[in-house]
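[1] Based on what follows, work out the 3D shape:
(one chain, ligands or ions: 3)
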Amino acid sequence: MKESTKESFEKTRIAGSIAAGALDEVSNIIKPGITTDEIDKICYEYINDHGAYSAPLFYRGFPKSCCTSPNHVVCHGIPSDKILKEGDILNVDVTAYKDGWHGDTSRMFEVGKISVKAKKLIDTTYESMMKGIKILKEGIQLGDIGHAIQKHVEAQGFSVVQDFCGHGIGQSFHEEPTILHYGKMRTGKKIKAGMIFTIEPMINLGDYQTKVLNDGWTAVTKDKSLSAQFEHTVGITKDGYEIFTHSQKFS
Ligand code: MF3
Ligand code: CO
Ligand code: CO
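    Ligands and ions are numbered 1, 2, ... in the order given. Here you go, the predicted structure:
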């Protein structure tokens, strides 16, 4: 492994484990009656206590330390005094910045008992992310990742959001390449050992189309159908990959 790759992997591993740890903390407090601001506070404090910064805070004017995206919110929901209620599904997305490097991850949380349909959407979204990850190694093409995700999602009758994508990550929060969660096999750039990027499919129960609300951030499904998302930060090796944002609690 190149010396520079070794350093970038080591540092991303640390930032990634802090981000994953923040989500583990969040999992302890999720229940009907809490607000998304309480989740934001947990993320802010956990990340700070681990000697890192929350990358979303003040990123392009974003006002909080994490994104909280319930139900039909696709991504970039802003924590607020909104109270979570039984049956809600919620994505929490955190990014830790530590020692010059970023780790970016998100997970779905279930508030109390959720519907069978919502559970199926969450499971399919997680499986699709893992299908995109499991094929990773030097030499595959970006379209192979999108294809693996899209095929799994559409077989269940759900749709892949096209307006937001995964991204290279490292010393900056968002960099090249753009990782589409849909696509065709054997198309797109070849991936190389040493690359670090996110895979973060957003999957809708209904139509794939989204719109951004007047706050300039909150993206929702146009048809108001439920949306789910998972995200890992991964590094590419000659014969595989490493997930930098694995959780101690959640597999
Ligand atoms: N964490 C998001 C991502 O996965 C980006 C959030 S940017 C913010 O890329 F400003 F909304 F926080
Ligand atoms: Co990301
Ligand atoms: Co993220």
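[2] Below-threshold pLDDT in this protein: ranges please.
    Scanning the chain for pLDDT under 70 picks out the ranges 251.
[3] any chance you could map the helices in it?
    3-29, 36-49, 116-134, 142-155 (DSSP state H).
[4] So which of those is nearest ligand 1?
    Between ligand 1 and the helices of the chain, the shortest separation by C-beta to the nearest ligand atom is 9.3 Å, and it involves helix 3-29. The C-beta positions use only the backbone N, C-alpha and C, and glycine is treated the same way.
[5] name the helices or strands packed onto that closest one?
    Contact partners of helix 3-29 among helices and strands, from 3 or more C-beta pairs under 8 Å, 6 or more residues apart in numbering; DSSP states H and E: helix 36-49, strand 89-98, strand 101-110, strand 196-199, strand 232-237, strand 240-243.
[6] Tell me how far that helix lies from the chain's centre.
    13 Å (C-alpha atoms, centre = their mean, to the nearest Å).
[7] got the buried residues for that helix?
    For helix 3-29, a neighbour-count test (16 or more other C-beta atoms under 10 Å) marks 5, 8-9, 11-23, 25-26 as buried.
[8] What of stretch 62-75?
    The neighbour-count check on stretch 62-75 (16+ other C-beta under 10 Å) flags 62, 64-75 as buried.
[9] export those to a markdown table and tack on distance to ligand 3?
    As requested, the buried residues of stretch 62-75 are exported to a markdown table (distance: C-beta to the ion, whole Å):
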| residue | distance to ligand 3 |
| --- | --- |
| Phe62 | 11 |
| Lys64 | 13 |
| Ser65 | 12 |
| Cys66 | 9 |
| Cys67 | 7 |
| Thr68 | 12 |
| Ser69 | 10 |
| Pro70 | 16 |
| Asn71 | 18 |
| His72 | 19 |
| Val73 | 14 |
| Val74 | 12 |
| Cys75 | 8 |
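[10] Which pair of those residues spans the longest distance?
    Greatest spacing in these, by C-beta to C-beta: Ser65 and His72 (22.9 Å).
[11] ok so, going back, reformat the helices of the chain into JSON lines and put distance to ligand 3 next to each item.
    Putting the helices of the chain into JSON lines (distance: least, C-beta to the ion, whole Å) gives the following:
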{"stretch": "helix 3-29", "distance to ligand 3": "8"}
{"stretch": "helix 36-49", "distance to ligand 3": "12"}
{"stretch": "helix 116-134", "distance to ligand 3": "12"}
{"stretch": "helix 142-155", "distance to ligand 3": "16"}
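[12] Quick check: which of these is nearest to Ile236?
    Per C-beta to C-beta, nearest to Ile236 of the helices of the chain: helix 3-29, 9.3 Å.
[13] Do the closest one and ligand 1 come into contact?
    No: Helix 3-29 stays clear of ligand 1 (C-beta under 6 Å from any ligand atom), getting no nearer than 9.3 Å.
[14] ok, that helix near ligand 2 or not?
    No: using C-beta under 5 Å from the ion, helix 3-29 never reaches ligand 2; the gap is at least 10.2 Å.
[15] now swap in stretch 101-113 and tell me
    Yes: with C-beta under 5 Å from the ion as the criterion, ligand 2 is reached by stretch 101-113 at Asp104.
[16] Now do that stretch: distance to the chain's middle.
    So, by C-alpha atoms, centre = their mean, the centroid of stretch 101-113 is 7 Å from its chain's centroid.
[17] cool, stretch 67-77 as well?
    Distance, stretch centre to chain centre, for stretch 67-77: 11 Å (C-alpha atoms, centre = their mean).
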